[in-house]
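[1] just a sequence and a predicted model for now, questions to come.
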Amino acid sequence: MTPDVVMYRTRLCPYCLLAKRLLENKGVELTEVDVSGNYDKRRWLLEATGRRTVPQIFVAGRPIGGYDDLCRLERAGKLDRVLKGE
């Protein structure tokens with residue numbers, strides 16, 4: 001079983017769209033949470049990740065970062081393992 005992947009995003013974020021495309025190309029079923037104008041969710045994201053930016057991607061409840069972090073994992077050949085929960 002693959003772990004849950006959740007991406008916190010805003011409506012007009014180009015990096016969110018790129019992250020979604022990368023994950024979908026890998027066959028990942030993604031849950032998206034729009035935090036546009038939702039200050040409580042944004043505050044929670046800051047507490048959970050230490051970051052104010054979107055996207056913020058969580059795999060099995062663990063924050064893995066944003067689009068740049070996702071790409072870094074992919075280039076290093078580690079993203080597939082992370083997405084499998086290894």
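    All right, it came through fine.
[2] distance of the residue positioned nearest the centre of the chain from residue 68?
    In the chain, the residue lying closest to the centroid (CA atoms, centre = their mean) is residue 57, at 1.7 Å. To residue 68, residue 57 is 11 Å away according to CB to CB, to the nearest Å. Where C-beta positions appear, they are placed from N, C-alpha and C, glycine not excepted.
[3] and the pLDDT at residue 86?
    You'll see residue 86 listed with a pLDDT of 79.
[4] who is the residue nearest to the centre of the chain paired with across the strands?
    residue 7, residue 65 (DSSP bridges).
[5] what's the distance between it and residue 19?
    Distance from residue 57 to residue 19, by CB to CB: 6 Å.
[6] which SS state does residue 52 fall under?
    The assignment at residue 52 comes out as coil when based on DSSP: H, G, I helix; E, B strand; the rest coil.
[7] what helix or strand does the nearest residue to it once chain neighbours are set aside sit in?
    Leaving aside its chain neighbours, residue 52 sits nearest to residue 46 (5.8 Å; criterion: CB to CB, 6 or more residues apart in numbering). Residue 46 is located in helix 39-49, with elements delineated by DSSP states H and E.
[8] now stretch 38-46: mean pLDDT?
    Computed over stretch 38-46, the average pLDDT equals 94.
[9] who's in contact with stretch 62-77?
    15-16, 18-19, 22-23, 48-49, 51, 53-58, 79, 82 (CB atoms under 8 Å, 6 or more residues apart in numbering).
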